[in-house]
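*Asks:* Compute the structure for the input listed below.
(2 chains)
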Protein chains: 2
Amino acid sequence: MSAREKAVVLLSGGMDSCVTTAIANETHLLALLHASYGQRTESRERRAFEEIAEFYGVREKLVARLDALGEIGGSALTDEGIRIPENLRGGSTDIPVTYVPFRNAHFLSVAVSWAEVIGATAIFIGAVSEDSSGYPDCRPEYYHVFSELVRVGTRPETRIEICTPVIHMRKSEIVRRGMELKAPLEHSWSCYQGQEEACGVCDSCRLRLRAFAEAGYADPIAYRAPVAR
Amino acid sequence: MSAREKAVVLLSGGMDSCVTTAIANETHLLALLHASYGQRTESRERRAFEEIAEFYGVREKLVARLDALGEIGGSALTDEGIRIPENLRGGSTDIPVTYVPFRNAHFLSVAVSWAEVIGATAIFIGAVSEDSSGYPDCRPEYYHVFSELVRVGTRPETRIEICTPVIHMRKSEIVRRGMELKAPLEHSWSCYQGQEEACGVCDSCRLRLRAFAEAGYADPIAYRAPVAR
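*Replies:* Residues are numbered from 1 along each chain as shown, chains lettered A, B, ... in the order given. All right, here's what the predicted structure looks like:
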C-alpha cells in the first residue's frame, strides 16, 4: 500500500493544468477532475483530459457538468455572441472577454466536495497569475482566501491544502518544467477556436506558442496555419 | 423605473429561505436562484420554489443543476444508502449526516456568477447558525470569508454584498419575522422524507414544528401523522 496521500487535480486539458498534473504526480496519488460548463471547445478539452488521465494511468476521475455557467453566460468562452479576440492584450489590466464570472470558485467547490468525500488532502490547480490572463480568480490572493474558506467551511477534521504550483511561473517556465517532468504536452489543448488542429492565432494559442518559443522547444501539437515557432 | 437594486436570493423552498426572500423583497428587486443537486426531495422543493416565486411575481429565475454534488455523494441528502435520522441531536456538536460536503460554496458560486452578469449588488442566503444544524458552512465566519473571496475573485468594479439576514435568529424568530412580512410559508417545504405531506418526524420537520410552536403559530402545511403543535 502506498504511503502517498491523494490529491484532486483540476485538469482542463490545457498546458498549465497538464504540467500541474505532472507536478502533483511527483508527490501524490492522482484523482483527476474535469469541468464541462458549456465552453466552446469542451469536446476537444475533454479528449485532452481523457488522454492525459490515460497517460498517468489514473482511474479516479470525475467530469463535473456545470451547466449553470453556460446558462449564465457573460463570457466569450460560453457565449457564442461574444467574439474571441485574436490579439494579445498589450500591457492592459482590463479583464479579458474570455473571463467567465467567478468560474474558478465553481471548479474549486467541486474539488473540495470531492476531496472531502474521497479523503484527498490536497487540491492542485494550474492557475497562472503573472505573464498571463488578467483573470481576477488566478491571483495568489484569491487562493489564499479560498484556503481559508475551506478551513472554515468543511468538517473540523478535514485538512485540504490548495496548491498552485505554477502560479508564479512565466509560461515559458511552465513549458520547461513540463519538459523536465516528461508531461504529456502532446495531449494537451489550449486553443479557444479549433477542434482537430489549433488555430494558432487566438489569444490562448499565441500565449502558448510564445511560451514554447521562449523555452526553446517545439510545440508538439498540430496547428492549422504555419506559425512562427 | 425602480430605484431598487437587484438581489439574487438563494431559495431552496424551505422555511428559512422563504423568510429570507420576504426580507430581501423589502429592499431589493428579486432574482431567485434554486439549486437542484440530486437531493432526495428535489421535485418537492422545486415546486415550493416555483410557488414562492409566483407569489412574489418574480420573473428572473434560475434553476441550477449541480449534478456533481449528487455524484460525489457523502451525505444522507444525496445518497440513498445513508439513512436520515429521526431524532434531534441533543447538545452534540457533531456534523450531521445530512451535511453535504462544501455545498453552500457551490450555491454561492452560482449566485455570484449570476449576480455579476445580471448586475445584482447583493446575494441573500437563509443560512442559520445558532439553534440549528451544526453545518460548518452556515456560520457567520464562513460568510465573512466568502465575502472576501467575492471581493478578490470578481471584476474590480463588481460590488456584491453577501446578506445573511436570519443567521443569528432562532428558528422561532424566523417564523415570527415571516409572519410579520406575510411570507408565503404555506408554500414552503422543509421535510427530508415526504412529498405530498410532510412526515413530521425527520430532523427538519421537528425543528420546523418546534419553531412554529415556540412562535405561537400553527404551521400552515399538511403533515402525514398527527403532530404536537
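
*Asks:* For the lowest-mean-pLDDT helix or strand in chain A, name the packing helices and strands.
*Replies:* In chain A, the helix or strand scored least confidently by mean pLDDT, DSSP states H and E is helix A:67-72, which has a mean of 86. Contact here means 3 or more Cβ pairs under 8 Å, 6 or more residues apart in numbering or on different chains; DSSP states H and E; on that basis helix A:67-72 packs against helix A:103-118, strand B:61-65, helix B:103-118. C-betas here are computed from N, CA, C, even on glycine.

*Asks:* would CSV of the ones you listed with mean pLDDT and distance to A:Ile52 be doable?
*Replies:* Output for the helices and strands packed on helix A:67-72, formatted as CSV (pLDDT from 0 to 100; distance: least, Cβ to Cβ, whole Å):
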stretch, mean pLDDT, distance to A:Ile52
helix A:103-118, 94, 16
strand B:61-65, 94, 27
helix B:103-118, 94, 25
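
*Asks:* will you turn the ones you listed into JSON lines that also has mean neighbour count and distance to B:Arg224?
*Replies:* Formatted as JSON lines, those follow (neighbours: other Cβ atoms under 10 Å in any protein chain shown; distance: least, Cβ to Cβ, whole Å):
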{"stretch": "helix A:103-118", "mean neighbour count": "25", "distance to B:Arg224": "32"}
{"stretch": "strand B:61-65", "mean neighbour count": "18", "distance to B:Arg224": "27"}
{"stretch": "helix B:103-118", "mean neighbour count": "25", "distance to B:Arg224": "27"}
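
*Asks:* Tabulate the ones you listed in TSV, adding columns for distance to B:Glu26.
*Replies:* Formatted as TSV, the helices and strands packed on helix A:67-72 follow (distance: least, Cβ to Cβ, whole Å):
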stretch	distance to B:Glu26
helix A:103-118	28
strand B:61-65	19
helix B:103-118	19
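
*Asks:* which residues in chain A form strands?
*Replies:* Ranges of strands in chain A, per DSSP state E, are A:6-10, A:29-36, A:61-65, A:122-124, A:161-163.

*Asks:* nearest to A:His187, of those strands?
*Replies:* strand A:29-36 (12.7 Å; Cβ to Cβ).

*Asks:* Just the buried positions in the closest one, please.
*Replies:* By 16 or more other Cβ atoms under 10 Å in any protein chain shown, the buried positions in strand A:29-36 come out as A:30-36.

*Asks:* how about stretch A:172-189: buried residues?
*Replies:* A:172-179, A:183-185, A:187-189.

*Asks:* out of those, who's nearest A:Glu51?
*Replies:* So of the buried residues of stretch A:172-189, ranked by how close each gets to A:Glu51 (Cβ to Cβ), first place is A:His187, at 3.9 Å.

*Asks:* ok, now how distant is the closest one from chain B?
*Replies:* 24 Å (Cβ to the nearest Cβ, to the nearest Å).

*Asks:* now swap in A:Arg59 and tell me
*Replies:* Separation of A:Arg59 from chain B (Cβ to the nearest Cβ): 16 Å.

*Asks:* next one: A:Arg159
*Replies:* Relative to chain B, A:Arg159 is positioned 13 Å away (criterion: Cβ to the nearest Cβ).

*Asks:* Check that residue and give its pLDDT.
*Replies:* Note on A:Arg159: pLDDT of 93.

*Asks:* Which residue comes closest to it once chain neighbours are left out?
*Replies:* A:Thr121 (5.8 Å; Cβ to Cβ, 6 or more residues apart in numbering or on different chains).

*Asks:* can you give me the helices in chain A?
*Replies:* Ranges of helices within chain A are A:15-25, A:42-55, A:67-72, A:103-118, A:140-153, A:171-180, A:203-215, based on DSSP state H.

*Asks:* Now distance to B:Phe102 too, for those, in a markdown table please.
*Replies:* Putting the helices of chain A into a markdown table (distance: least, Cβ to Cβ, whole Å) gives the following:
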| stretch | distance to B:Phe102 |
| --- | --- |
| helix A:15-25 | 20 |
| helix A:42-55 | 22 |
| helix A:67-72 | 16 |
| helix A:103-118 | 4 |
| helix A:140-153 | 6 |
| helix A:171-180 | 29 |
| helix A:203-215 | 30 |
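
*Asks:* thought the residue nearest to A:Arg159 was touching A:Ala24?
*Replies:* No: contact between A:Thr121 and A:Ala24 fails when scored by Cβ atoms under 8 Å: they sit 11.8 Å apart.

*Asks:* overlap in contacts of these two?
*Replies:* Taking Cβ atoms under 8 Å, 6 or more residues apart in numbering or on different chains as the contact rule, A:Thr121 and A:Ala24 both touch A:Ala7.

*Asks:* Looking at these two now, which is surrounded by more residues?
*Replies:* Legend: neighbour count by other Cβ atoms under 10 Å in any protein chain shown for A:Thr121 and A:Ala24, higher for A:Ala24 (26 against 14).

*Asks:* how about the nearest residue to that one, chain neighbours excluded?
*Replies:* Spatially, and ignoring its direct neighbours in sequence, A:Ala24 is nearest to A:Phe124 (4.3 Å; Cβ to Cβ, 6+ apart).
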